[in-house]
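Chemist: sequence and predicted model, in that order:
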Amino acid sequence: MMTSRVPAAVDALLALLRARPALAEVDIVDGPAAVNLTKLRRIHVGWQSDSESAVTLEQSFNGAGARTRDEAFAISCYAEARAGDKDMKARRDEVFALVGEVEQALRATNEAPEAPTLNGTVLWAHLTTGDLSQAQAEGSRAGLSFTVTCQARI
């Protein structure tokens with residue numbers, strides 16, 4: 001018996017992002033960063049630079065009889081754009097373009113009608129919050145912590 005849709009949803013979100021042609025040159029990372037940070041553009045699924053939580057979730061009974069449960073959860077994500085120059089505007093624009101691709105990946109289209117359901121793992125998923133950070137150290141860096149919020153029935 002399934003106790004949560006979280007593992008399947010995280011896997012589906014990773015697969016959805018890795019399949020996006022516009023993200024082909026972006027490192028799509030499952031969880032926290034590895035020690036090697038040579039990629040200048042990254043999207044982390046299940047990790048944010050300022051949080052220890054990969055996913056927060058809450059469950060409740062769907063109705064009388066306790067046969068099904070509703071599950072609401074938020075997947076912590078983080079996008080980053082870095083370069084060796086001091087052009088903060090370019091990094092900021094770049095990181096928002098990366099998160100824009102995530103948001104577009106979560107929209108239904110004729111080619112991807114199951115995108116908002118993460119290929120059927122949840123009832124719906126959408127990008128809900130964001131928090132921009134910027135730094136100038138050995139070049140410019142813009143990071144955007146964001147959340148993909150999901151609703152599921154188990």
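Modeler: It's in. All of these numbers come straight from a predicted model, not from anything done at the bench.
Chemist: okay, and the beta partners of Phe73?
Modeler: Counting by DSSP bridges, Phe73 is bridged to Leu57, Cys150.
Chemist: quick one, what contacts it?
Modeler: Ser4, Arg5, Val6, Ala9, Val55, Thr56, Leu57, Glu58, Thr149, Cys150, Ala152 (CB atoms under 8 Å, 6 or more residues apart in numbering). The way it works is simple: take the backbone N, C-alpha and C, and place the C-beta from them, glycine included.
Chemist: any idea how far Arg69 is from Leu16?
Modeler: 25 Å (CB to CB, to the nearest Å).
Chemist: which one of these two is surrounded by more residues?
Modeler: More neighbours surround Leu16 than the other of Leu16 and Arg69, with 21 against 16 (other CB atoms under 10 Å).
Chemist: name the nearest residue to that one, ignoring sequence neighbours.
Modeler: Ala105 (5.1 Å; CB to CB, 6 or more residues apart in numbering).
Chemist: the one you found: neighbouring residues, count only.
Modeler: With other CB under 10 Å as criterion, Ala105 counts 22.
Chemist: what pLDDT does it get?
Modeler: pLDDT recorded at Ala105 is 93.
Chemist: name the residues of the host helix or strand of Gln59 that are buried.
Modeler: Under the criterion of DSSP states H and E, Gln59 resides in strand 55-61. Buried residues in strand 55-61, counted by 16 or more other CB atoms under 10 Å: Val55.
Chemist: for that strand, what is the distance to the chain centroid?
Modeler: 18 Å (CA atoms, centre = their mean, to the nearest Å).
Chemist: thinking again about what came up before, let me see the contact set for the residue nearest to Leu16.
Modeler: Neighbours of Ala105 in contact, by CB under 8 Å, 6+ apart: Leu16, Leu17, Arg20, Ala112, Ala115.
Chemist: now the helix or strand encompassing Thr147: average pLDDT?
Modeler: In the assignment (DSSP H and E), Thr147 maps to strand 140-153. Taken as a whole, strand 140-153 has a mean pLDDT of 96.
Chemist: check which helices and strands that strand sits against.
Modeler: When contacts are defined as 3 or more CB pairs under 8 Å, 6 or more residues apart in numbering; DSSP states H and E, strand 140-153 sits against helix 6-18, strand 69-83, helix 88-105, strand 124-136.
Chemist: hmm, Gly84 and Glu138 touching each other?
Modeler: Yes - in this structure, Glu138 is within contact of Gly84 by CB atoms under 8 Å, at 7.2 Å.
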